[in-house]
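A.B. asks: Have a look at this prediction, sequence included:
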Protein chains: 2
Amino acid sequence: MATIDDVLNAIDANLPASTQRLFDLLSIPSVSTDPAFTQQCLRAANWLADELKGLGYTAEVRETPGHPIVVGHARAKRKDAPHVLFYGHYDVQPPDPLELWEADPFAPRLADGKEGKEIVARGSSDDKGQLMTFVEACRAFEANGGLPCNVTFLFEGEEETGSPSLPDFLAKHKDELSQPDIALVCDTSMWNAKTPAITVMLRGLAQEEVVIRIASHDLHSGMFGGPVNNPVHALSKIIADLHDEEGKVTLPGFYAGVPEIPEDIAEQWRNLEFDESQWLADIGLTRVGGEKGKGVMEQIWARPTCDVNGIVGGYTGKGSKTVLPAQASAKFSFRLVGQQNAKAILESFRAFVRERLPADAKVEFINHGASNALQLPFSSEALSRARRALTEEWRKDAALTGCGGSIPIVGAFKRDLNMDTLMIGFALDDDRIHSPNEKYSYTSFHKGARSWARVLDALAR
Amino acid sequence: MATIDDVLNAIDANLPASTQRLFDLLSIPSVSTDPAFTQQCLRAANWLADELKGLGYTAEVRETPGHPIVVGHARAKRKDAPHVLFYGHYDVQPPDPLELWEADPFAPRLADGKEGKEIVARGSSDDKGQLMTFVEACRAFEANGGLPCNVTFLFEGEEETGSPSLPDFLAKHKDELSQPDIALVCDTSMWNAKTPAITVMLRGLAQEEVVIRIASHDLHSGMFGGPVNNPVHALSKIIADLHDEEGKVTLPGFYAGVPEIPEDIAEQWRNLEFDESQWLADIGLTRVGGEKGKGVMEQIWARPTCDVNGIVGGYTGKGSKTVLPAQASAKFSFRLVGQQNAKAILESFRAFVRERLPADAKVEFINHGASNALQLPFSSEALSRARRALTEEWRKDAALTGCGGSIPIVGAFKRDLNMDTLMIGFALDDDRIHSPNEKYSYTSFHKGARSWARVLDALAR
């Protein structure tokens, strides 16, 4: 009978073939936010379904109002085995700005990084490389007697746009998808290149685009400048007003539900090695910004934010244009923690904007999603087993961490399927996800697959 | 011997052919600010030189570091005739946003407007249609015994980008170009569709682009949001700080040199019919913005401004992107009046920006020109003659007005050639210059040519 070591050896032996499969998936430009790439999203979904079927599993590409969702099922070798739901997303962020990529973002390649080989491509780390670690672990079990757990696969294509179709999909397929005991999500980071991590806190995310229009059309800034209000100024005033001198968000009610950090968590965090100066240096900075008096880790894991993700108005080409713009718009996002209520915050935000509009200004709000923050119970048995499994693979205690990013699906699993989630991922903080030249450590890809093998094995004991 | 009436009749008879010539010029997309259109600018210059040569004048397309300048010379029939310098510009603004045009901006057409026929195309009013009124007046004189004045033609191709090559060009050709007694510029508006105007005050213009960079690259707003300062916020704070609650510009020293309006000018302006509500309604507004307590006409003719002409940062495509931008930029322009010093104001502005940068922010300033405001002496004999000539053509007293826009060349004529300028133009305030669907009244084109015939005749008496 095959042992876990046989499975791990199979992963090692198959690494070149696994890498080629990942490259095939990375070469599909499945950008979910841009309608021009709709067919590519479908291609990625079909590719994944074919992979699962190739492993002997059932798999279907199911339509949604947006991009399709892939659902697959695999049986464990044992009848009384636990049942896990594995989630990943096949959609990726737009590659813009393209001119900053060293090579085609959808022509994956192995490059030499400062800590070993890296897989460079859009989606290599977020999330195609990560989700394939799990698929490759399953493949290794199949070659060695079968899976230790029943597995339901759920691959969506709208994670980067706030998963608009998922809640309805979960509701529609609730009987099927609520069978597993726990969800496994591979979309988070390691603590560092040597220390695995399980993410137990996730910030929520509320996103709202604001469009302000004043004059009926763009005007000559000389012939009309003065008595005509400028929507760029109006929008800038709103953005400027959103933070005070201390770096705090000024939105009324914003900090309701923001918790103090519990002492045991604070203690664990203090004991983690974290080089704030290096973290800053890696992104070209020397000083901590944001809320005065609060450090990097605390702000990212446990404090809420308000950020403008994009702004545009008037002439933005080369040279100058003496235009008084008729319109300006900005995309706002709020990262949320603890018990902050995403919907209440968006309501407060809309009122805040409306109160600051000049005469004759019209405003349009475009929502891009709203999800609250999440917290996994520390007492979970699955958490303890997974932590031990990771510690065995990496020879270092797995850290229990927070994460600044949002994974709306984890909230949906809790809310709609009453299911907790183990967030285990192998990304690194310098993976440049959402940025040019995104990469995934080759070691993460390899040992990620090995980690999943150990976790599945541990959950089934 | 031919009389002025013969000349006017010739203009009337040749109107269809004149219109076709203008359409030929309008079909050349001579966008000066965008390097992609460099060859089109050269085409427009050659076209104009060929027109002048076709009238029997000397004409040359002369190179500059930017787009070429056309210089032509025409002799009057009388030896002791006065000598005028006629200036126009063949370059145009970019047509963006293209999707708001009802037809190709460079496929000129006659359309029915609310007050008669209109010539619709980018550049129809600013400035190709205007400059061709003068050329067509000259043509009519040539068919009727010759010009009453010696004429030097000066057509430039960089007016829309602040005329960067002109000062050096004037210096280099000073002996040739300083011969005329007065300059004539056709790049301004009528008071209304029935009332001609001579512009005696022009606002200056100082333009500066500001680029703020903080992190070394775009970051994930969840993984990095909080301790990393956002350049869009920094830029917005600067823009918001530039105006106070009264709509005044807060830049230190900004109002030094801004004059009170002299009583005789104020009296003339009060007697001009001006429907503020209609002016506002034409651009979709109901209330006067800008400086509190100041009306539309005063603000545009006699008050300085600060406007953002364009802003961009982060993701501006469809949907959302959870990015923390590394860079944000805005194009600022200051409209200046009286004795305000453009260069001093830009220096003050740069200091203002630098004082407001957060930690680790780097700023780049890109200048797009700086010119002070201008004022024509009311006692000028040429002004009196031109005013009478316009009154004869339009059967209505020509108004002496201010203009909110800048014509840097008028400052250069004064400074470099010691020459005053008569600014006479036939544009209308609703011509949508710099905006989609720019148009020029067919009446302006026709009676504009007749007006120039009368002005040249009056100056030569």
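C.D. replies: Received, thanks. Residues are numbered from 1 along each chain as shown, chains lettered A, B, ... in the order given.
A.B. asks: how about the residues of the stretch 101-250 of chain A near chain B?
C.D. replies: A:160-162, A:189, A:203, A:205, A:207, A:209, A:214-230, A:232-233, A:235-237, A:239-243 (CB under 8 Å from any CB of the partner chain). C-beta: built from backbone N, CA, C; applies to glycine.
A.B. asks: what secondary structure does the spatially closest residue to residue A:86 that is not a sequence neighbour sit in?
C.D. replies: Of all residues not flanking residue A:86 in the chain, residue A:184 sits nearest, at 4.9 Å (CB to CB, 6 or more residues apart in numbering or on different chains). Assigned by DSSP: H, G, I helix; E, B strand; the rest coil, the conformation of residue A:184 is strand.
A.B. asks: For residue A:321, which non-adjacent residue is closest in space?
C.D. replies: Per CB to CB, 6+ apart, closest to residue A:321 is residue A:315, 3.6 Å.
A.B. asks: Isn't that neighbour up against residue B:331?
C.D. replies: Yes. In this structure, residue A:315 is within contact of residue B:331 by CB atoms under 8 Å, at 6.7 Å.
A.B. asks: what is in contact with those two at once?
C.D. replies: Listed as contacting both residue A:315 and residue B:331 by CB atoms under 8 Å, 6 or more residues apart in numbering or on different chains are A:321, B:309-310.
A.B. asks: Just the buried subset of the residues of the stretch 101-250 of chain A next to chain B, please.
C.D. replies: The neighbour-count test (16 or more other CB atoms under 10 Å in any protein chain shown) marks A:160-162, A:189, A:203, A:205, A:207, A:209, A:214-215, A:217-230, A:232-233, A:235-237, A:239-243 as buried among these.
A.B. asks: out of the residues you listed, which are inside helices?
C.D. replies: Mapping those onto helices (DSSP state H) picks out A:232-233, A:235-237, A:239-241.
A.B. asks: So what does residue A:418 look like in phi/psi?
C.D. replies: As for residue A:418, its main-chain torsions (degrees, to the nearest 10) stand at phi 50, psi 40.
A.B. asks: ok, for it, nearest residue in space, not its chain neighbours?
C.D. replies: Per CB to CB, 6+ apart, closest to residue A:418 is residue A:178, 7.1 Å.
A.B. asks: Look up how far chain B lies from residue A:340.
C.D. replies: Distance from residue A:340 to chain B, counting by CB to the nearest CB, to the nearest Å: 14 Å.
A.B. asks: ok, that residue - how many residues close by?
C.D. replies: Residues near residue A:340, counting by other CB atoms under 10 Å in any protein chain shown, number 23.
A.B. asks: Contact partners for it?
C.D. replies: Taking CB under 8 Å, 6+ apart, we find residue A:340 in contact with A:204, A:254-258, A:304, A:372-373.
A.B. asks: Wait, a helix at it?
C.D. replies: No. The assignment for residue A:340 (three-state DSSP) gives coil, which keeps it out of a helix.
A.B. asks: Show the model's pLDDT score for it.
C.D. replies: pLDDT recorded at residue A:340 is 94.
A.B. asks: what helices or strands is the helix-or-strand element of chain A with minimal mean pLDDT leaning on?
C.D. replies: Ranking every helix and strand in chain A by mean pLDDT, DSSP states H and E puts helix A:263-271 at the bottom, with a mean of 76. In terms of contacts (3 or more CB pairs under 8 Å, 6 or more residues apart in numbering or on different chains; DSSP states H and E), helix A:263-271 is packed against helix A:296-302, strand A:399-403.
A.B. asks: just the helices in chain A please.
C.D. replies: For chain A, the helices defined by DSSP H occupy A:4-13, A:15-26, A:38-54, A:128-142, A:166-172, A:174-177, A:231-241, A:263-271, A:276-282, A:296-302, A:342-355, A:381-394, A:408-417, A:442-459.
A.B. asks: Dump these to a markdown table, plus distance to residue B:292.
C.D. replies: Below are the helices of chain A laid out as a markdown table (distance: least, CB to CB, whole Å):
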| stretch | distance to residue B:292 |
| --- | --- |
| helix A:4-13 | 71 |
| helix A:15-26 | 58 |
| helix A:38-54 | 50 |
| helix A:128-142 | 56 |
| helix A:166-172 | 49 |
| helix A:174-177 | 59 |
| helix A:231-241 | 15 |
| helix A:263-271 | 51 |
| helix A:276-282 | 44 |
| helix A:296-302 | 40 |
| helix A:342-355 | 19 |
| helix A:381-394 | 61 |
| helix A:408-417 | 46 |
| helix A:442-459 | 60 |
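A.B. asks: lowest-confidence stretch among those?
C.D. replies: Ranked by mean pLDDT, those bottom out at helix A:263-271, which scores a mean of 76.
A.B. asks: The residue lying farthest from the centre of chain A and residue A:143, how far apart?
C.D. replies: What lies farthest from the middle of chain A is residue A:223; by CA atoms, centre = their mean that is 47.4 Å. Applying CB to CB, to the nearest Å, the value for residue A:223 to residue A:143 is 75 Å.
A.B. asks: do the same with residue A:10
C.D. replies: When distance is defined by CB to CB, residue A:10 is 5 Å away from residue A:143.
A.B. asks: Looking only at neighbour counts, state which of the two leads.
C.D. replies: Set side by side, residue A:10 and residue A:143 show more neighbours around residue A:10, with 20 against 15, by other CB under 10 Å.
A.B. asks: Quick check: chain neighbours aside, which residue is closest to the more buried one?
C.D. replies: Leaving aside its sequence neighbours, residue A:10 sits nearest to residue A:140 (CB to CB, 6+ apart; 4.0 Å).
A.B. asks: Looks like that neighbour contacts residue A:452 (just checking).
C.D. replies: No. Here residue A:140 lies out of contact with residue A:452, judged by CB under 8 Å, at a distance of 9.3 Å.
A.B. asks: So between those two, which is more surrounded?
C.D. replies: Neighbours of residue A:140 and residue A:452, each counted by other CB under 10 Å, are more numerous for residue A:452; the result is 28 against 24.
A.B. asks: which of the residues in stretch A:170-187 are buried?
C.D. replies: For stretch A:170-187, the neighbour count (16+ other CB under 10 Å) marks A:170, A:177, A:180, A:182-187 as buried.
A.B. asks: swap in stretch A:269-278?
C.D. replies: Neighbour-count burial for stretch A:269-278, counted by 16+ other CB under 10 Å, picks out residue A:269.
A.B. asks: ok and the residue in the stretch 301-450 of chain A nearest chain B?
C.D. replies: residue A:405 (2.9 Å; CB to the nearest CB).
A.B. asks: Let me know the pLDDT of that residue.
C.D. replies: Note on residue A:405: pLDDT of 81.
A.B. asks: ok, it - how many residues close by?
C.D. replies: When neighbours are counted by other CB under 10 Å, residue A:405 registers 24.
A.B. asks: same question, residue A:21
C.D. replies: Residue A:21: 17 neighbours (other CB under 10 Å).
A.B. asks: Would you mind measuring from it to chain B?
C.D. replies: With CB to the nearest CB as the criterion, residue A:21 and chain B are 26 Å apart.
A.B. asks: Hmm, that residue is touching residue A:51, no?
C.D. replies: Yes. Shown here, residue A:21 and residue A:51 form a contact pair, counting by CB under 8 Å, at 7.2 Å.
A.B. asks: Just give me how far stretch A:369-376 sits from the chain centre.
C.D. replies: Stretch A:369-376 sits 12 Å away from the centroid of its parent chain (CA atoms, centre = their mean, to the nearest Å).
A.B. asks: what do you get for stretch A:95-112?
C.D. replies: Offset of stretch A:95-112 from its chain centre (CA atoms, centre = their mean): 20 Å.
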